[in-house]
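J.: show me how the following folds:
(one chain, ligands or ions: 1)
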Amino acid sequence: MNRIFKKGPDFYCDLLIIGTGGAGLRCATEVLEKRPETSVMALTKVSHPQKSHTSTAQGGLAVVDPRDPVDKNIFHMFDTWKGSDCTADQNIIKKIIESSWEQILWLENRGMHFSRDIEGKLSKRTFGGHTLNFGESLAYRAVFEADRTGKGIMDTTWGEALKRGIRFLTQSIATELLFTGNQCVGSVVFKQKEGEFIRILSKATIIATGGCGQVFKVTTNCRQNTGDGLALALQAGLPVMDPEAVQFHPTGIVGPGILASEALRSEGGVLRNKDLKPFMERYAPKMKDLAPRDLVSRAIETEIRQGRGVLNPDHGIYHVWIDLRHLSEYVLDMKLGEISHFFNKFVNINPKEELCPVCPSNHYHMGGIPTTEFGEVQNGSQDTVPGLFAIGECAAASFHGFNRLAANSILELITMGKFAGERVLEYLKEAPAETSKAEGEHTLSLFSGYLEAQGRDSLGRIREAMQTMMTGKAGVFRTEAGLLEAVEGLKELKDRAAKTALSTRGLIMNQELVRRWELDNLLTVSMVIACAALNRRESRGAHYREDFPERKNEYNYHTLTTMEESGRIEFGKRPVDMSILEAGGGHAQKFGMIKREY
Ligand SMILES: Cc1cc2nc3c(=O)[nH]c(=O)nc-3n(C[C@H](O)[C@H](O)[C@H](O)COP(=O)(O)OP(=O)(O)OC[C@H]3O[C@@H](n4cnc5c(N)ncnc54)[C@H](O)[C@@H]3O)c2cc1C
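T.: Here you go, the predicted model:
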């Protein structure tokens, strides 16, 4: 151990979960319910597990009630496949959707307060791209807890995990995965409050670190979403799958980019341009405002590009309006109370009387660490890595392909969390002892570099330059020239960062040091996003190339992106699972390379 670092004693556990969002906690609960004697440790970067991003999820989670007279699982599967632009894996679609109802019961039995209608049945919302009868009409499919669905899930899973003896380490950051041979045996962890580095040795390790929205300037994601899990995997020589598949939500509140949930349009909100005309019919004649997010985001950007946007003088940003004025007081106050309040609080607008300014904001990463249907991490040759699992937004099984449908992410957390938990229990029966000679050399060399760097640049400015570049060049619309510029720009920013001295060199609660490490992760993740977007010379889902506007069959695969130590990027391929189509039968043809019209 380098002399500038304080090293704490090693910790040992059966299961280490890096990330205490909905995915991590659902998995922890599954393990602890089935095998109470399992020792489970869970890390969060922030001061409390409940501050994970899942707590902010508003709109709902998609599920078909088996007693529903009109909706069916097969329609949900079809919508997810079509929404993904034919790049989700059909075995995953089937597995998740077929177990979705059971997970609603699981949550409700443990105290989650789903909103109910006047007859006492679960209330349901419709969301973009969710339809009945293979696209015929809107499906009311998403169950919710008012506009605090994610908080409901966090309250439930956190309470259950706590009750069953999970051990939380807060403000504790996983900085490096540890391996013995090819088996993952835990992680190096930086404990911010103590300013010390420790090793947590575990029989099984789960990466559940959430999204990477801080790559972009305008995002609905919180500050902790810096793509750490993806960077940990890349650093260990593992791939990230489909990094180019990045979702931009159509309705971020202009300025802060905070999410104005799709629930607004689901409850009847209408998008209008500068001339106050609704415009979505021109882009999606049938689904209009409730078309999938990639389509609505492109429509808004096109309105703005063609001069039908409105300039916000405070932020210098062009936007369109969402009109909520015709919605009832009950809907705005009771069903959408929190979101209505956001407009009041952040832009001083009363949605009952005024139009609300919105424009696309980065929202979700469909790409992630490639896994099997049980959350087992795969390497570049698609072999599973013993002892290592990934779930939630940082993982790609892949349920969403190149465009996630609304309300399908939380569904993924609670199902994949359960499946991974079951597989962990199997794995623990035979897992070898958790030992490792590795001392976390990579972490120590990185952090020494940060503390010893000389130079007068500003880390804040470097981060902002990266975010501006990624939004401009790798955002809703992409081109070869723009992406090449982004790749070159990112190399320069990485060099600049390496030559920037920290103003504080202590280790205890040194936020600048943590931001420096996060900046490296963000630059790494930005680079794989830009390079993979450059490599995919077609348009598919949320990845839209203006110079290659069509989907092409030659790209019907997942991109597996790895990064060598030198920074060189390599690409591999994983086939898209087409097992529903291949199984044949009644609706099989709906799961071919279908056209995406809404
Ligand atoms: C505003 C908003 C609203 C949304 N609404 C919906 C919705 O209505 N329906 C829906 O389906 N989806 C929604 N989504 C998407 C969904 O909420 C997220 O995809 C999902 O919650 C991610 O959950 P997760 O468990 O993967 O990660 P998170 O909940 O983000 O948790 C990640 C955890 O990892 C920890 N962590 C990260 N890095 C490290 C590290 N290096 N060391 C230690 N810990 C680390 C964090 O501290 C945190 O505890 C919404 C997203 C946003 C941003």
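J.: from the stretch 101-250 of the chain, which residue is nearest to the ligand?
T.: residue 210 (2.5 Å; CB to the nearest ligand atom). From N, CA and C alone the C-beta is placed, and that goes for glycine too.
J.: can I assume that residue sits in a strand?
T.: No - when DSSP: H, G, I helix; E, B strand; the rest coil is applied, residue 210 is found to be coil, with no strand at that position.
J.: and residue 472, what's its pLDDT?
T.: Listed pLDDT for residue 472 reads 95.
J.: kindly apply the preceding question to residue 113 instead.
T.: Here the pLDDT value assigned to residue 113 is 94.
J.: neighbours of it, just the number please.
T.: Close neighbours of residue 113, defined as other CB atoms under 10 Å, add up to 13.
J.: quick revisit: okay but the residue of the stretch 101-250 of the chain closest to the ligand is in contact with residue 51, surely?
T.: No - judged on CB atoms under 8 Å, residue 210 makes no contact with residue 51 at a distance of 11.4 Å.
J.: between these two, which contacts overlap?
T.: residue 224 (CB atoms under 8 Å, 6 or more residues apart in numbering).
J.: okay, strands next: where are they in the stretch 201-350 of the chain?
T.: Remark: strands assigned in the stretch 201-350 of the chain by DSSP state E, counting those that start in this stretch are 240-241, 246-253, 270-272, 310-312, 317-323.
J.: ok, and what's touching the least confident helix or strand in the chain by mean pLDDT?
T.: Within the chain, no helix or strand scores below strand 6-7, which has a mean of 75 by mean pLDDT, DSSP states H and E. With CB under 8 Å, 6+ apart as the test, strand 6-7 has contacts from 1, 194, 195, 196, 197, 198, 507.
J.: show me which pair in those is furthest apart.
T.: 1 and 194 (14.7 Å; CB to CB).
J.: which residues touch the nearest residue to residue 117 once chain neighbours are set aside?
T.: Excluding the flanking residues, the one nearest residue 117 by CB to CB, 6 or more residues apart in numbering is residue 123, at 4.9 Å. Counting by CB under 8 Å, 6+ apart, residue 123 touches 114, 115, 116, 117, 143, 144.
J.: before we move on, the earlier item: dump the strands of the stretch 201-350 of the chain into a markdown table; add mean pLDDT as well.
T.: Formatted as a markdown table, the strands of the stretch 201-350 of the chain follow (pLDDT from 0 to 100):
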| stretch | mean pLDDT |
| --- | --- |
| strand 240-241 | 98 |
| strand 246-253 | 96 |
| strand 270-272 | 98 |
| strand 310-312 | 95 |
| strand 317-323 | 96 |
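J.: can you check which of the ones you listed gets nearest to residue 341?
T.: Short answer: strand 246-253, nearest of those by CB to CB, at 11.5 Å.
J.: now do the closest one: which elements does it pack against?
T.: Contacts defined by 3 or more CB pairs under 8 Å, 6 or more residues apart in numbering; DSSP states H and E place strand 246-253 against helix 293-303, helix 337-347, strand 356-365.
J.: so who does the residue of the stretch 301-450 of the chain found nearest the ligand touch?
T.: Nearest to the ligand, among the residues of the stretch 301-450 of the chain, is residue 392, at 2.3 Å (CB to the nearest ligand atom). For residue 392, the contacting residues are 19, 21, 22, 23, 24, 208, 209, 210, 412, 413, 416, 417, by CB under 8 Å, 6+ apart.
J.: now, which of these lie within strands?
T.: Here DSSP state E is the test, and these give no hits in strands at all.
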